[in-house]
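> okay, here's the prediction I keep looking at, along with the sequence it came from:
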Amino acid sequence: MRAARRCTASRIDSWETVRKQEGYRPLISTPYGLYTSRVIVETGKELGMDDATFGEQSGPNGDAGLHWSSSVTVAMRVNGQPRAATVNPRVTLLDWLREESGLSGAKKGCNEGACGTCTVLVDGKRMNSCLTLVVQCDGCEVTTVEGLAASDGTLHPVQQAFIEHDAFQCGYCTPGQIVSAVACIAEGHATDEASVREWMSGNLCRCSCYPQITAAVLDAAGAAGDER
Ligand code: FES
Ligand code: FES
């Protein structure tokens with residue numbers, strides 16, 4: 001707790017800044033991690049930064065920073081449909097998708113950018129939606145696992161391959177794995193087993209279904225190649 005408080009007091013200028021500090025990550029993963037968030041908030045308050053003012057400080061370059069207490073309206077397309085969102089600027093894409101949009105396919109695992117289970121596509125690129133703010137997606141095309149199947153219900157070839165290769169056990173990582181695999185194939189990185197393992201390494205599977213996942217991605221990539 002003392003270490004967390006020292007880390008926080010010496011570096012705090014906003015909640016998001018603290019979460020990116022190299023000193024924060026080891027602390028949050030310790031048995032004391034559950035208390036670390038509270039320490040940060042309490043220390044921020046001692047420094048005159050109550051929750052409503054976190055993030056309203058000047059940024060490192062003297063920029064004004066975002067005002068967390070206000071709302072921002074953004075427009076984007078989600079799974080091909082136009083969507084508008086009026087959000088607090090610190091709302092993550094993952095939370096907005098799951099809690100406001102009824103799209104719970106992307107899962108919250110670590111909420112720290114380490115596991116990939118929240119992966120979605122933003123303008124065709126894989127993104128950890130837990131580390132992406134909704135306001136960053138203004139004008140973007142967002143694709144979640146719900147948007148991969150055809151409108152008649154026909155599964156995306158990657159989804160089909162995951163079923164055929166039994167590439168899951170509990171299934172918690174599967175939406176992120178599938179979305180990531182779609183991009184991996186589109187990027188041209190699904191050429192062999194080693195490449196798939198490397199370029200899918202941002203998606204962890206606690207059930208350790210990696211051999212089946214790799215086989216499914218290669219299979220789907222082969223099918224995609226046959227169609228070209
Ligand atoms: S929940 Fe986003 S990377 Fe783990
Ligand atoms: S299937 Fe369980 S975490 Fe991947």
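Thanks, I have the structure now. Residues are numbered from 1 along each chain as shown. Ligands and ions are numbered 1, 2, ... in the order given.

> which helices and strands sit right next to the longest helix seen in the chain?
Identified as the longest helix of the chain according to DSSP state H is helix 210-227. Here helix 210-227 touches helix 157-164, helix 174-186, helix 193-199, going by 3 or more C-beta pairs under 8 Å, 6 or more residues apart in numbering; DSSP states H and E. Every C-beta, even on glycine, is put in place using the N, C-alpha and C of the backbone.

> tell me the contacts of Leu93?
Leu93 makes contact with 120, 122, 127, 129-130, 132-134, 136-137, 142, according to C-beta atoms under 8 Å, 6 or more residues apart in numbering.

> and ligand 1, which of these reach it?
By C-beta under 6 Å from any ligand atom, the members of these lying near ligand 1 are Cys130.

> redo the contacts of Leu93 as TSV? Include secondary structure and neighbour count.
Converted to TSV, the contacts of Leu93 look like this (DSSP: H, G, I helix; E, B strand; the rest coil; neighbours: other C-beta atoms under 10 Å):
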residue	secondary structure	neighbour count
Val120	strand	30
Val122	strand	17
Met127	strand	22
Ser129	helix	30
Cys130	helix	23
Thr132	coil	20
Leu133	strand	21
Val134	helix	26
Gln136	helix	15
Cys137	helix	24
Val142	strand	27
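
> tell me the one of the contacts of Leu93 nearest ligand 2?
Nearest to ligand 2 among the contacts of Leu93 is Cys130, at 16.0 Å by C-beta to the nearest ligand atom.
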